[in-house]
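S.K.: Can you look at this prediction? I've put the sequence above it.
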Amino acid sequence: MSKGLFITGTDTDAGKTYVSSLIIRALRQERVDAVGYKPICCGDRNDALEMVDASGEVLTADQANPIWLKTPAAPHVAAMFENSPIDKEVISAGHKALADKHEVVITEGVGGWLVPIHGMEFSVAEMAKEIGHPVIIVVGNKLGALNHTLLTVEAMRSRGIEPAGLVFNNLIDELDTATITNKGIVEDMCGVEVITDVIRGQTEIESWPFMDLLGL
């Protein structure tokens, strides 16, 4: 049975695709057959194409991204604009197809944890629960990141999901007081481990924390 991780973020543009791609590349360097899955794209398809590239191009864009809405908005809104309701079975089937063929599937959500996919009855949170893999939160490290992180952790726990860890993604080159202290404070405040932090422009990441989470 395939293993995997689900990558969510504290916000849009927190760096989910960037971190997901680093994780996939690190695992593949360890000869783990890891691939990326971006079930929903809204607007352009660049995130999915980056996942394909990180996966060693063993996937097509449609395999990595079965649902592509052209409207740059939350999936529920984009689907309404395009009169194209999202079928969650397509998401499940796409994930199963990859899980049946590959050792590890790294799934990236869309936007933040509570972004609606089909009304509020099916959000990113419900998608993560259905996939059932450990959830990593990518924290876009900036002023306000503490609040965004604590809210995300609280929302996850309210659904019975304990975050597997945090990855801090530094969004700016020159860190300020907030971005320097966020990492040290957040563990004490929410009790979730910071697995690693990523410097802006970093091209590699250590594989071992994610290997441990995956039981590899």
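M.R.: Yep, that arrived. Numbers count the residues shown, from 1 in each chain.

S.K.: chain center to the longest strand belonging to the chain: distance?
M.R.: Secondary structure of the chain per DSSP state E: the longest strand is strand 104-112. Relative to the chain's own centre, strand 104-112 is displaced by 4 Å; criterion: CA atoms, centre = their mean, to the nearest Å.

S.K.: Work out the sheet partners of that strand and label each with its direction, please.
M.R.: Using DSSP bridges, the strands paired with strand 104-112 are strand 3-9 (parallel), strand 34-37 (parallel).

S.K.: got the buried residues for the helix-or-strand element of the chain with minimal mean pLDDT?
M.R.: Every helix and strand in the chain was compared by mean pLDDT, DSSP states H and E; the lowest is helix 177-190, with a mean of 87. If you call a residue buried by 16 or more other CB atoms under 10 Å, then helix 177-190 has these buried ones: 179, 182-183, 186, 190. Heads up, the C-betas are built off the backbone N, CA and C, glycines and all.

S.K.: Could you let me know which of those ends up closest to residue 89?
M.R.: Sorting these by how near they are to residue 89, with CB to CB, puts residue 190 at the top with 33.8 Å.

S.K.: Might you list the low-confidence residue ranges for the chain?
M.R.: 1 (pLDDT under 70).

S.K.: thinking again about what came up before, and the strands paired with strand 104-112, which is most packed in?
M.R.: Most buried of the strands paired with strand 104-112, by mean neighbour count (mean count of other CB atoms under 10 Å): strand 34-37, with a mean of 28.

S.K.: which other residues reach it?
M.R.: Contact partners of strand 34-37, identified using CB atoms under 8 Å, 6 or more residues apart in numbering, comprise 20-21, 23-24, 27-28, 51-52, 54-55, 58-59, 64, 94-95, 98, 102-108.

S.K.: Give the next helix or strand downstream of it.
M.R.: strand 40-42 (DSSP states H and E).

S.K.: Need the CA coordinates for stretch 143-150. PDB is fine.
M.R.: Coordinates of each C-alpha in stretch 143-150 appear next as PDB, following Å, rounded to 0.1, in the frame of the first residue of the first chain:
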ATOM      1  CA  LEU A 143       4.400  38.900  10.300                       C
ATOM      2  CA  GLY A 144       1.100  37.300  11.200                       C
ATOM      3  CA  ALA A 145       2.400  33.700  10.700                       C
ATOM      4  CA  LEU A 146       1.900  32.900  14.400                       C
ATOM      5  CA  ASN A 147      -1.800  33.700  14.200                       C
ATOM      6  CA  HIS A 148      -2.300  31.800  10.900                       C
ATOM      7  CA  THR A 149      -0.400  28.800  12.300                       C
ATOM      8  CA  LEU A 150      -2.300  28.600  15.500                       C
END
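
S.K.: Counting neighbours, show which residues of it come out buried.
M.R.: 145-146, 148-149.

S.K.: Using JSON lines, lay out those together with distance to residue 196 and secondary structure.
M.R.: Converted to JSON lines, these look like this (distance: CB to CB, whole Å; DSSP: H, G, I helix; E, B strand; the rest coil):
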{"residue": "145", "distance to residue 196": "15", "secondary structure": "helix"}
{"residue": "146", "distance to residue 196": "18", "secondary structure": "helix"}
{"residue": "148", "distance to residue 196": "18", "secondary structure": "helix"}
{"residue": "149", "distance to residue 196": "15", "secondary structure": "helix"}
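
S.K.: nearest to residue 172, of these?
M.R.: Among the buried residues of stretch 143-150, residue 145 lies closest to residue 172 (CB to CB), at 11.6 Å.
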